[in-house]
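Enquirer: Sharing a sequence plus its predicted fold:
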Amino acid sequence: MRGCDKDYDYKKIDFSCIDNKDILHFGSATGLLDGNLKETYIKLFEYAKQNNIFISFDPNYRENLIKKNMLHKFIEDCKYFIKNSDFIKMSEEEIKLICKKDNLEECIKDIHLLGGKILAITLGKNGTLISFDNKIEIIPSIKINQIDSTGAGDAFVGSMLSLILDIIQQNKYPTFEDLKQICLFSNKVGAITCTNYGAMDSIPTKEQIEKI
């Protein structure tokens, strides 16, 4: 229901449900548009920083939502979130848009210089680039017969965060080796999501992935 999300109110959040073994994920498809939601996003983001909660951010750029006259503000808002985020998922298009550069390696350096810690750049059929702790590696995906890519990015992020959360709840922070294994699994989740129609119905179960 386009529009109802803009009424998300910070005062209505039940903070008893949130602690520092959780992850707060911010996806900006509609979150950085003007309105009540953006104000709520910023307040919740500041709350996460103050309480040492693991923060995830996905710029989720949508050309039909972010008009040309809004692009500069969108980029600045993204940088505000990036500089204090633990995990950032971007497409190659998004990182080049935000960094205003065509060289991917330079863009990656810029994101880390801003303060972003773990960076996952989705590269479609070529897999996902993981950058963390001065290490970079491209984690391969699997070959599929693509039917509908709707929801693949969200399925990938959901899988990544679910598995990262398992580590956080052990009072640990993921290592680069952890992230490589998590990404390998999550690439399969995103790929399988593309083999069927629908953003939700096409998401595979953990058991289905483990059989691959």
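Expert: Everything's here; your move.
Enquirer: Spatially nearest residue to residue 108 (excluding sequence neighbours)?
Expert: Closest residue to residue 108 apart from its sequence neighbours, by C-beta to C-beta, 6 or more residues apart in numbering: residue 131 at 5.2 Å. All C-beta atoms are positioned from the backbone trio N, CA, C, and that covers glycine.
Enquirer: How far does the host helix or strand of the one you found sit from its chain's centre?
Expert: Following DSSP states H and E, one finds residue 131 within strand 128-132. The chain centroid and the centroid of strand 128-132 are separated by 12 Å, computed with C-alpha atoms, centre = their mean, to the nearest Å.
Enquirer: Now tell me what touches it from outside.
Expert: With contacts defined as C-beta atoms under 8 Å, 6 or more residues apart in numbering, strand 128-132 is touched by 104, 108, 111-112, 117-123, 136-139, 141, 156, 176, 179-180, 183, 186-187.
Enquirer: any weak-confidence spans in this protein?
Expert: In the predicted model, the chain carries pLDDT under 70 at residues 1-3, 30-31, 33-34.
Enquirer: Could you chop it up by domain?
Expert: If you go by automatic domain parsing, the domain ranges for the chain are 19-116, 142-212.
Enquirer: Reformat the ones you listed as CSV; add distance to residue 10.
Expert: Listed next are the domains of the chain as CSV, based on distance: least, C-beta to C-beta, whole Å:
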stretch, distance to residue 10
domain 19-116, 4
domain 142-212, 22
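Enquirer: Pipe those into JSON lines and attach mean neighbour count per row.
Expert: Output for those, formatted as JSON lines (neighbours: other C-beta atoms under 10 Å):
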{"stretch": "domain 19-116", "mean neighbour count": "17"}
{"stretch": "domain 142-212", "mean neighbour count": "17"}
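Enquirer: Which among the ones you listed is found nearest to residue 13?
Expert: Closest approach to residue 13 among the domains of the chain is made by domain 19-116 (6.9 Å; C-beta to C-beta).
Enquirer: measure stretch 132-146 end to end?
Expert: Distance across stretch 132-146, first residue to last, is 30 Å (C-alpha to C-alpha, to the nearest Å).
Enquirer: same check, this time on stretch 85-98
Expert: 15 Å.
Enquirer: ok, residues contacting that stretch?
Expert: So stretch 85-98 is contacted by 23, 26, 54-61, 75, 78-79, 82, 102, 104, 107-108, 111, 115-123, 153, 156-157, 160-161, 164 (C-beta under 8 Å, 6+ apart).
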